[in-house]
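> Following is a predicted model, sequence given first.
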Amino acid sequence: MPTITPSFTSVYGPVRSWRWGQSLGIDPIGPLSTCSFNCVYCQLGEIEHQSDHRQLFIPTCKIQQDLQDLLAGQIDADQIDTVTLSGSGEPTLAQNLGEILALAKQLLHRPVGVLTNGSLLHNPTVCAELALADWVAVKLDAVSADGLRRVNRPVASCSLPQLWEGLQQFRQRYSGHLAIQTMLLSDWSASDQAEYSQQMQVLRPDEIQLNTPTRPCPLVHQLEARGNHLPDPAYPTRRLKPIQPELLQNWANQLERQLGIPVRYPLLNPTTQPNYST
Ligand code: SF4
C-alpha cells in the first residue's frame, strides 16, 4: 500500500460539476496519481504511475474517518447533490471500490457515482462492485485504435476491442444510470461520427455527455486539481484548444435526434468549467 501523509485527505469538494451539480469527491487512489490511461487532457497532469493492476490504495477506514470529519465540521450533507468517486486516477483500480461505495451511501444518503475510463469493465469483480453505484460515467474518447493511442495513451495491455466488450457486458448487467463521456479534441470525421453513433445505438446508454477541454492541465500532479478549477493556479499548466462550441452543440443535437438518447454538453463559459477527469 502506498504511503499516505498525515495531511492527505481522501475527501474533497464539493466540486461544481456541469453535469452532476454539487459533487462531493472521494479519492480512492491517493497522493500518487495512478491510472491505466494517461490522457493528453488529464487534469492530473502526466500520470505518475500507469498501471491496470488493482490494489489497495487508501484503507476504507481512512475514507470513513475523512467523511465523518467532514460531516462533523465543514459540510452538511444537504449541500451535496451527489458523491463522486474519481480523484487522483482510475477509481476501479482500488480493490476496496465496493466497500467505499457502500460506505458513502450509508453515511451520506446521496446518489453515489463513479467516473471510470472503463478499462477494467472486462473484470467481473469490478462490474459487481460498480453495480452498487447509482450512476456510472464511462469514458469513450475514440472509435479507432489510433485515436485511443493518441488521446488516452493506455497501458499496453488495453485495447479498443477489450474496452468495447467490457462496456457491452457492463451495460447488460448494470441497472443504474449509465452515461458515456466523450472528450472532443478536434472535429471528428464523418466516418468516426457514424461509427460512434452506431456504437451508441448498440449500447443504449442512459445519456451521452460530450465535452471539450477548457481547463488548464497541470504539467505534474497537483492534489488541488481534484477540486474546483482555480482561475489562476499557482502551478505550471498548459492549455489544449477546445473545439468550437457550435460544433459541440451541432453534433450533440444530431446524435440526440438520431438515437433518441439525451446528449448533454457544457455551456462553454469561464464560470461553468466542466470537471472531466475520471
Ligand atoms: S483523464 Fe481520467 S482516465 Fe484519463 S489519465 Fe486522467 S484520470 Fe486517467
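Nice, thanks for sending it over. Fair warning: this is a prediction, and the values are worked out from it, not measured in the lab. Residues are numbered from 1 along each chain as shown.

> any low-confidence regions in the stretch 51-200 of the chain?
Across the stretch 51-200 of the chain, nothing is flagged by pLDDT under 70.

> Helices of the stretch 101-250 of the chain, residue ranges please.
In the stretch 101-250 of the chain, the helices defined using DSSP state H, counting those that start in this stretch lie at 124-130, 145-147, 160-173, 190-203, 245-259.

> Mind checking those for the one nearest to residue 211?
Smallest distance to residue 211 across the helices of the stretch 101-250 of the chain (CB to CB): 7.9 Å, for helix 245-259. Quick note: C-beta positions are derived from backbone N, CA and C, even for glycine.

> Just name whatever secondary elements the closest one is in contact with.
helix 190-203, strand 207-211, strand 263-264 (3 or more CB pairs under 8 Å, 6 or more residues apart in numbering; DSSP states H and E).

> mind giving me CSV with the ones you listed and columns for mean neighbour count?
Shown next, in CSV, are the helices and strands packed on helix 245-259 (neighbours: other CB atoms under 10 Å):
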stretch, mean neighbour count
helix 190-203, 14
strand 207-211, 21
strand 263-264, 18
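
> For the ones you listed, give me JSON lines that also has distance to residue 58.
Formatted as JSON lines, the helices and strands packed on helix 245-259 follow (distance: least, CB to CB, whole Å):
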{"stretch": "helix 190-203", "distance to residue 58": "31"}
{"stretch": "strand 207-211", "distance to residue 58": "27"}
{"stretch": "strand 263-264", "distance to residue 58": "31"}
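
> Can you check which of those gets nearest to residue 136?
Residue 136 lies closest, by CB to CB, to one member of the helices and strands packed on helix 245-259: strand 207-211, at 11.4 Å.

> pLDDT wise, what is residue 272 at?
With respect to pLDDT, residue 272 has a value of 45.

> closest to the ligand out of the helices and strands packed on helix 245-259?
Ranking the helices and strands packed on helix 245-259 by proximity to the ligand (CB to the nearest ligand atom) places strand 207-211 first, at 11.0 Å.

> contacting residues for the closest residue to the ligand within the stretch 51-200 of the chain?
Of all residues in the stretch 51-200 of the chain, residue 117 sits closest to the ligand, at 3.7 Å by CB to the nearest ligand atom. Shown in contact with residue 117 (CB atoms under 8 Å, 6 or more residues apart in numbering): 35, 36, 37, 39, 90, 138, 139, 152, 154, 278.

> again, 7 Å this time
Listed by CB atoms under 7 Å, 6 or more residues apart in numbering, the contact set of residue 117 reads 36, 37, 90, 139, 278.

> who wins for neighbours among these?
Highest neighbour count within these, by other CB atoms under 10 Å: residue 90, with 30 neighbours.

> what sits against that residue?
Neighbours of residue 90 in contact, by CB under 7 Å, 6+ apart: 35, 36, 116, 117, 119, 278.

> Max pairwise distance over the contacts of residue 117: which two?
36 and 139 (10.9 Å).

> I figured residue 155 hits residue 52, correct?
Yes. The pair formed by residue 155 and residue 52 meets the contact definition of CB atoms under 7 Å, at 5.0 Å.

> any common contacting residues for these two?
Counting by CB under 7 Å, 6+ apart, the common neighbours of residue 155 and residue 52 are residue 36.

> Assumed residue 31 was part of a strand.
No. Counting by DSSP: H, G, I helix; E, B strand; the rest coil, residue 31 is not part of a strand but coil.

> Burial check on the residue nearest to it when sequence neighbours are not counted, number of neighbours?
Taking CB to CB, 6 or more residues apart in numbering, and ignoring the residues beside it in sequence, residue 31 has residue 8 as its nearest neighbour in space, at 5.5 Å. Residue 8: 15 surrounding residues under other CB under 10 Å.
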